[in-house]
Structures are given as structure tokens and as C-alpha cells.
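Enquirer: I need the structure of the sequence given here:
(chains A, B, C and D)
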Protein chains: 4
Amino acid sequence: MLLKELREEVLEANLELVRRGLVLYTFGNASGVDREQGLVVIKPSGVDYGKLKPEHMVVTTMDGEIVEGNLRPSSDLDTHTLLYREFPSIGAVVHTHSDYATSFAQAGLPIPALGTTHADYFYGPVPVTAALSDEAVQGRYVHETGLAIVEYFRQGEDGQPIDPLAVPACLVAGHAPFVWGRNAHDAAHNAVVLEAVAKMAYQTLTLRANCESVSKALLDRHYFRKHGASATYGQC
Amino acid sequence: MLLKELREEVLEANLELVRRGLVLYTFGNASGVDREQGLVVIKPSGVDYGKLKPEHMVVTTMDGEIVEGNLRPSSDLDTHTLLYREFPSIGAVVHTHSDYATSFAQAGLPIPALGTTHADYFYGPVPVTAALSDEAVQGRYVHETGLAIVEYFRQGEDGQPIDPLAVPACLVAGHAPFVWGRNAHDAAHNAVVLEAVAKMAYQTLTLRANCESVSKALLDRHYFRKHGASATYGQC
Amino acid sequence: MLLKELREEVLEANLELVRRGLVLYTFGNASGVDREQGLVVIKPSGVDYGKLKPEHMVVTTMDGEIVEGNLRPSSDLDTHTLLYREFPSIGAVVHTHSDYATSFAQAGLPIPALGTTHADYFYGPVPVTAALSDEAVQGRYVHETGLAIVEYFRQGEDGQPIDPLAVPACLVAGHAPFVWGRNAHDAAHNAVVLEAVAKMAYQTLTLRANCESVSKALLDRHYFRKHGASATYGQC
Amino acid sequence: MLLKELREEVLEANLELVRRGLVLYTFGNASGVDREQGLVVIKPSGVDYGKLKPEHMVVTTMDGEIVEGNLRPSSDLDTHTLLYREFPSIGAVVHTHSDYATSFAQAGLPIPALGTTHADYFYGPVPVTAALSDEAVQGRYVHETGLAIVEYFRQGEDGQPIDPLAVPACLVAGHAPFVWGRNAHDAAHNAVVLEAVAKMAYQTLTLRANCESVSKALLDRHYFRKHGASATYGQC
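Expert: Numbering: from 1, shown residues only, chains lettered A, B, ... in the order given. This next block holds a predicted model:
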């Protein structure tokens, strides 16, 4: 069996989403990539989480061709593989319909950086893509979903591209969040934090509609406290 | 004992509603129909879920006459039987007062299709009936409740009737949702998803009051991904 | 030990409030009355629910004088005893700071009858008292709290007194709900339903601020379905 | 090992935050002070709560120099120690990102005293600091966070300093709450109540935006019922 360890990490990430209440029934999926071998491990589509085992994971190439596995891969596979091809620094992708993050996606609104919980994980607003055109939806829809994310990150907010590891999530308009990280554990962790941050942003904005984002200085301070060479959080 | 298997399915659907937090105390009921025998199996009224067993289920004709069972059937029986008579494609009905869906019913507002979670299950807005007239309330009230649903689906949104399996739920104004499906498992599953969709719609609309529905193209794409001959979701 | 059975019922009602998430730490209390003996059984003040036993309950007269018990009774005792003296049809009183009902009390707003869940238990809006005057607060405050409730029910909405068993709850402005019933089980049950109804009313009103109440006809239909001589709900 | 008992109390306070749902992953920290010895006991940074033991706690001086412990202390240490130096009456500090209290902090809004649940614990609004200047954020940020709290309490609302034990919490703008108490148990208890009070304030204000605070008389009555020489709540 290929990629035994990665299968276990991807399964564990899927289960973390369930434990944290981010997925209802089978609404969600996680995958991981082995860049040396050029292989992706992803959850099968529509299988009960209670029954998932490492051997149920599906292994595909970076283009989504199945290499090992008897089950059909997650129907979002093409978004995952596109993200791996276009964002070389990421090691895992998670997709959920977690309810507060999805509500921002449905509203077509980004999640602004309203506080330090956000800044600890996301170095700026969590963006929302434009709505997909009818052509995109009727064409290679799952691929186009990934493309909308990638294009947003390339263009960035002010003509400045966004580093996918600095903002490890994107809301797809009218759909839900995609989240990623260096590995499957981080991607699931980021998805859980995204939902918490989205809930607080919802509450903040319904209390005070035109609430301003935190300062660039505070964003820098918190983000670099947990990330980069001079991080001071946790045990190193 | 008649319809042993159907009794078990109906009981299991009732219990799924409890497990998912859709019912408080005894507020809710599920039923199933055996169309060959022309018999309905329904939860008894006001019995503690913890004590429910298959033999407590009540069996009635399609007109609600009791055929087997010592307990009084759910007080909503006449709505269930009317739906079975008028919607020949459905196999089970669920009624809950799940709190977000009920809040839309109380507000007299449909749940618009704001995202793909909705589109995966409901091919268009989940409608809300008009308020029942005083005559209807004072007359055959439970029957009239079903009639309000059936009439809404017959007239449809734009003079086009709504297929009950394409939109397997309806909110009764000032009351709560009725949900159905091909069988008891599906009906309960649809009721759970309806509540999740209603929660996200609530959050979306309180963030952005005039949020637009997803495009017809996206509705088609998601709905037909899970339904019909060319479905690609899950393991077939 | 006096009133063994009533002590157990009152303890069980207190525990039901905990199980249903209506009380945080020791914020809440339930009592019951034995009208033949003219005695009240009430939870002691500030004792951990996990340690409560029937023998910890405090027995007082209808005027709040302690007859049996080593612990200090709930600090809300004088409200309970006043309600027993003034509302002869009630057998138990429950007080919680359950969060949605308390939010209406804090907003100084009644909970309107927006749907049938409400109508099944409360035959009209759950009223909110006027804010207590400074004199009342500085005087016999706990007694005055009860007085504000009783006066509201005596005057009623349109000069018509309200029957305490038809509307078994009242919000005290800037404070929280008091709820009652025929016995301790019913009072706790009503408190749990009140919180569910308040949550749905909150959601309904934040979706649609000027939402109208259900018709008198619907209120009658639902209320008398569960109450009175011609009730048809449950197993009789 | 120094301060065995205080370590256990501080650990227990940290765990109470987890049990009550106030912290996600490792987002939160509690500390306690031994004023006789001039030593502070604080949770280590970023360690999984499930693995925390008394020996993992870090002991520092009142200036934050580590005296005992192999792990790095919470990254918020300098806020804790400043509060201990400036507020001589407090014995413990708790910091969480509990979601309703944090939402008020993000909105830059104090939590007004809208009801008696609030008044039982907080003798007036729970204040929010001004946003930190860029200089403060870029300088000794964690120390400056404490300074913003201390300065707010010194200046007070109307030129009248606020007693830290009368209002045992402060929201840091764009960040989250800091809460304290006479000892670690009380500080954690106050943090849990703060979150409940914040949730109810959120609900109250979204129901009725310009809701007024309770009267000074009611604030006095409730606060002094639980605090001070003439307290009447609980078992003394």
C-alpha cells in the first residue's frame, strides 16, 4: 500500500473536522500531497466517517488520475489537485461547509481581520472569490473552483500577490471555504480556527456593522509571533 | 405485526431527529408509507423517545384510519396522509420544530438557495405557505396544513409546479417545516440538512440582508451532481 | 423528614434545568408547594448541583419562614412564596437565567407568540414586567420582584387579567424569567420550552423585525389541543 | 518543587476554561500569584491541555523572570505580571479568546450592565481599552497590553478609578478579554460568567440596539448581594 503514513495523516485530519463539528454527515474532505512522489492522498466520496480507514483513502497523481484505491475519490478532487500544482508550498488541503465560514462565502463577503485570533493565523482578510460565471459552472466546474482561488491569490488585494501560507484559506462565493497548510494536521487546524474566527467576525459585524480591521502593526505583531524565524509562541 | 421493517425504519428516523438535536422533548414525528399495501406507519403522539419501540408505531390506512396499534397516532397524522395521497413519489414524511427552519416559518419567509449546501439537496428555495385562514384553522386544521403545502407545490413559483422530490421540504407559515423523501432514512436526512441550511441562511441574511441566490447554473450543477442519472457524488 | 416526595420532585426539576443547559453554575432555582400543609420546598442557595440531595432542600411556610433545613434557602425565596400566595392554581416555580429568555428580559421586550411551538404552551405573549422603581429595588426587593409579576397578570394586556396557568411564565425586566406550572415537572418543562421559544423568537425577529404574531384562531387551536377538556395531544 | 498548591489551582483553572468551552486548542492561559513569596505561577505556552500537569507550570518573579520550569511561559506573561504589580488585590489572572467577549473586544465596545446576571459579578460595564498605538504594538507589546488595562482602570469612567475587584475583567480592543479574581478559582469562574454575560448582551443588543443599562439601584442591590460584608447569597 502506497503512502501509509500520509494516508493516516489525511484520515486523522478528516476525523479532526468531525470531532470539531465542522462537518455534517459526509460534507467535507481532506487530502495531502507527497511532492517527492508526485502523489495525492484524498478521502473517498460520500463514505461514512465512522467507517473510514487508511486503506479507504484514494491515491492519485497530481493531475487526479487514480493510482491506488477501489473507491471513487472526493468529488472536489480537481480543486485539491489544482491547488497543489499552483501553490507549491502547501502540503494539504481541507474543504468543509463549516457554518460560519460558509455563511460569509454565501454572502460573498471576505472575513476581515478584526482581531488577534484572526491575525495569529491569517495575515490579512480571508478573501472570497468572485462568483463563477455560468460557463465555468457548466464547464470543468471543480477545476474552475480551484482556478477562482488561484487567480484571486495571484492578483491579490492591491496588485500584490498573496502568499498561500500567509493566508491559508479562501472562501468560494456561494459555496464554502477551502483551507490548506504545510501538512494535513495544520490544514485541519487552520480550518477549525477559520470557523472560530468566522463566528467571531459574524458576531462582531452584527454588533457593529462598519467595524474596522486591526492595524497593520497588530497584524504584523501577531502573525510573526506564531510564524517565521522570530516566532515566540509555543515550545520550540 | 404488520410492516416490521417499515416500523424499524420509521423508528430509526425518529431517533435520528433526536440524535441530531432537531427535536425537544416529543416535538417531532416521522412516518413512512407502504404503497403496495396502502398503509402508513407513524410515531405515536407524545411518547418519550427513549421508550419508543417498533411495536409502539401506529399503522393506519392512507386515510388515517387505525389498522394496528394501541396508542394514539401523532396529532399531525392528517398532514402526513394527505402528503402521501397527493405526492405519489414520496415514501416518508418528517415533521420537526427544528429551530432555524422554524424561525423562517415564523417569519413567513422562504429559505432562499444561497449556496451549494442548499443546492445539493433543494433544487430552489424552500417555500413557505401562506398563513392559514381562520376558517382553515378552525376547521380540519391538520388536513388544511397539508393542503396549504400541496397547493403551494401545485401552483409553484412561476406557474410551474414544483416536484416534491426536487424540493423535499416546505415551511408552514407560523408553524414549522414538513420534510419528506423517498424513504424514512432520506426524509430524516433531509430534515437534518434543512436545519443546517436554514442556520447558514439565517447567518447569511443577518450579515447581508439582500444577499442574492446562487445562479440557475450553480443550482443545476450541484443538484444534478447528487441526483438523477448522471450523479457523480458518493459510491455508486 | 417532611415532604419526602415533594423534595424529590423539586430536586429532579432543578436537575432537569442543568441537563437542558438552562443554568450555569448555581444560577437557578426550583421550588414546589404542598397546599394542604401550606409548606414550600425550595433549593438551598448557591450549592453545587452535583451535590444536591433531597435532604438539602429547605422547607418553609407560605410566608418563607424556615420549618426544616440547615441550609439557607434560595435568595429568590420571597418571589416564590409570593407567587404561591397570589396564584392559587400553581404548584411549582422555576427561576433561571436561561440566555435567550433573559435577553428578552434585558431588552425589556415580551416574547410575542410567533408560532405554534409558543402557542402549544403559552396562550399569548410571555409578558415582561415594567422596570422596578429604585424604591422597590432598595426595599423588599425579592418580594417586589414577585409583586411586579403578579400586578402584571392582574392588570393583563387589555384590562383582562391573565390566567397564570394559561401563560405560565413572566420575564422580569433587566433580570430573567420566572416560570411555573401545576407541579415541579411541569414548571421545569415549561422553563425548557420557554428557552426554545425565546431562541426561535430571537431568530425570527432578527430576520424580520416587525414580524406579526400568529392569529387568535391559531393560538386557540394549538393551545386547546394540549390543554383543557378537549385536548387531543399525547396519550390520555 | 515550589508552590505545589498554587500550581494545582492554576492548572485546575486552566482546565475549567476548557471544560466550559472558553478555549479552542491552546488559546488561553491562567496564572496565580503568591504575594508573600513574590512569585507567579503560569501555564506554559502552546502546550496541549490534555497533557498539562502541575509540574509543567512555570514559576516566575513578579517581573517575569523564570525561577523554576523548563518550558517557555505563556506568551502573555508580561500582561499577567503587570496586572499583579498594579492591582495588589488580585490573586489570579485568566486570558481567553472566548467568542462573545472577544466579539465585543473586536467591535471596540464595552459590555454594558444590561441585567442582574451581569450585576451579580461586574459592578458596572466591562470596559474596553482604546486600540493600542502602533508604537505600543511594535514596542513592548505584551507589557503595553497590560498598561492599556491598568490605565483604563486608573482613569475610570467619570474620573473615578475603577476597583479591579468590583469589575474583574477588561476587554482589550481588537484582542480579547483579561479577567481576574481573588484566586485562580474565582478568576476562571469570572471568565466563564463573563462569556455568558457577553452572549446575553450580544443577543439583547441585536434585539434592541439602544437598550439601556440597569439602574444604579439594581446594580448596587445585586452586586452587594454577592459581595461585601452584607452578602446574602450562598451558604456563609
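
Enquirer: stretch A:209-217 near chain D anywhere?
Expert: Yes. Using CB under 8 Å from any CB of the partner chain, stretch A:209-217 reaches chain D at A:211, A:214-215, A:217. Any C-beta I mention is one placed from the backbone N, CA and C, and that applies to glycine too.

Enquirer: for residue A:43, give its distance to chain B.
Expert: To chain B, residue A:43 is 12 Å away according to CB to the nearest CB, to the nearest Å.

Enquirer: quick one: list the elements packing against the longest strand anywhere in chain A.
Expert: The longest strand of chain A (DSSP state E) is strand A:28-34. Where contact means 3 or more CB pairs under 8 Å, 6 or more residues apart in numbering or on different chains; DSSP states H and E, strand A:28-34 is packed against helix A:4-19, strand A:39-42, helix A:77-86, strand A:92-96, helix A:184-207.

Enquirer: what sits up against the helix or strand just after the shortest one?
Expert: What it means is strand A:39-42. Later in the chain than strand A:39-42, the nearest helix or strand by DSSP states H and E is strand A:58-61. With CB atoms under 8 Å, 6 or more residues apart in numbering or on different chains as the test, strand A:58-61 has contacts from A:2-3, A:38-44, A:66-69, A:71-74, A:77, A:81.

Enquirer: before we move on, what about stretch A:45-56?
Expert: A:1, A:4, A:7-8, A:11, A:14-15, A:18, A:23, A:26, A:29, A:43-44, A:69, A:71-75, B:233-235.

Enquirer: and that stretch, how far apart are its ends?
Expert: 10 Å (CA to CA, to the nearest Å).

Enquirer: return the set of buried residues in the longest strand of chain A.
Expert: A:28-34 (16 or more other CB atoms under 10 Å in any protein chain shown).

Enquirer: one more: stretch A:120-140?
Expert: A:120-129, A:131-132, A:136-137.

Enquirer: swap in stretch A:59-76?
Expert: In stretch A:59-76, counting by 16+ other CB under 10 Å, buried: A:59-60, A:62, A:64, A:69, A:71-76.

Enquirer: and the two most separated of the residues you listed?
Expert: A:62 and A:71 (19.5 Å; CB to CB).

Enquirer: which stretch of helix or strand covers the most centrally placed residue in chain A?
Expert: The centroid of chain A falls nearest to residue A:179 when counting by CA atoms, centre = their mean (0.8 Å). Element membership for residue A:179 (DSSP H and E) is strand A:177-181.

Enquirer: report whether that strand contacts chain D.
Expert: No. Figure legend: strand A:177-181 not in contact with chain D (CB under 8 Å from any CB); closest approach 13.8 Å.

Enquirer: so what angle separates the directions of that strand and helix A:4-19?
Expert: Counting by axes from the mean of the first three to the mean of the last three CA atoms, to 10 degrees, strand A:177-181 lies at 140 degrees to helix A:4-19.

Enquirer: who touches strand A:177-181?
Expert: A:79, A:83, A:87, A:90-96, A:98, A:101-102, A:105, A:126, A:149, A:164-165, A:168-172, A:187-191, A:194.

Enquirer: sheet partners, orientation included, of it?
Expert: Strand A:177-181 pairs in its sheet with strand A:92-96 (antiparallel), strand A:169-171 (antiparallel), by DSSP bridges.

Enquirer: pipe those strands into JSON lines and attach mean neighbour count per row.
Expert: Putting the strands paired with strand A:177-181 into JSON lines (neighbours: other CB atoms under 10 Å in any protein chain shown) gives the following:
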{"stretch": "strand A:92-96", "mean neighbour count": "30"}
{"stretch": "strand A:169-171", "mean neighbour count": "26"}
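
Enquirer: so which of those strands gets nearest residue C:226?
Expert: strand A:92-96 (40.4 Å).
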